[in-house]
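>>> what follows is a predicted protein model with its sequence.
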Amino acid sequence: MKITSRFTVAVHTLLVIYIFGKERKTTSDFIAASVRVNPVVIRRTLLSLKAAGMIDVKAGSGGAAIVKDLNDITLYDVYRAVDSVEGELFHFHENPNPACPVGKNIHSVLDNHLAEAQQAMENELKKVTLADICAELGEKIKAQAALN
């Protein structure tokens, strides 16, 4: 099992709204052109982010706006808002052989380690805010502009 692309699409979407939202309407079509996905994917993403209280979306072609302070939105918040993982990150095979000493004990020796690995990853996501990502992006954009 892997983390779905909904997570990175959602982060990309939020960054487009933040970077371009002051200059123009950030519609699903506009965002989709940056992410390079179908606008329907962006509309679903916007609905999830709105339900999480991160953005507001105006009906029609009114565009989206971030309504929560970027310092108050962590990558973990985005990860959870768009259901990046269904259930646990690690999906265990269904029927280990109970007659085999490995199959009989695999869950008891591995489950806790996998849960700890997922918790560690989620704790790392909690440390990074959207403001941090925007600052990094701003530096990249400035550095590229200086080269031109």
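Ah, there it is. Since we're looking at a predicted model, the values are computed, not measured.

>>> tally of neighbours for the closest residue to residue 12 other than its chain neighbours?
Leaving aside its sequence neighbours, residue 12 sits nearest to residue 35 (C-beta to C-beta, 6 or more residues apart in numbering; 5.1 Å). Backbone N, C-alpha and C define where each C-beta goes, glycine included. Applying other C-beta atoms under 10 Å, we find 20 other residues in the vicinity of residue 35.

>>> and the pLDDT at the residue at the greatest distance from the centre of the chain?
Computed with C-alpha atoms, centre = their mean, the maximum C-alpha offset from the centroid of the chain is found at residue 99, amounting to 41.3 Å. Residue 99 carries a pLDDT value of 97.

>>> just residue 89 next, same as before
On the pLDDT scale, residue 89 gets 81.

>>> ok, it to residue 4 distance?
Distance check for residue 89 against residue 4: by C-beta to C-beta, to the nearest Å, it reads 11 Å.

>>> where are the low-confidence patches of the protein?
1-2, 86-87 (pLDDT under 70).

>>> which stretches in it count as strands?
For the chain, applying DSSP state E gives strands covering 55-58, 63-66.

>>> may I see the buried residues of the last one?
Neighbour-count burial for strand 63-66, counted by 16 or more other C-beta atoms under 10 Å, picks out 63-64, 66.

>>> now that strand: how far from the chain's centre is it?
Strand 63-66 has its C-alpha centroid displaced from the chain centroid by 17 Å (C-alpha atoms, centre = their mean, to the nearest Å).
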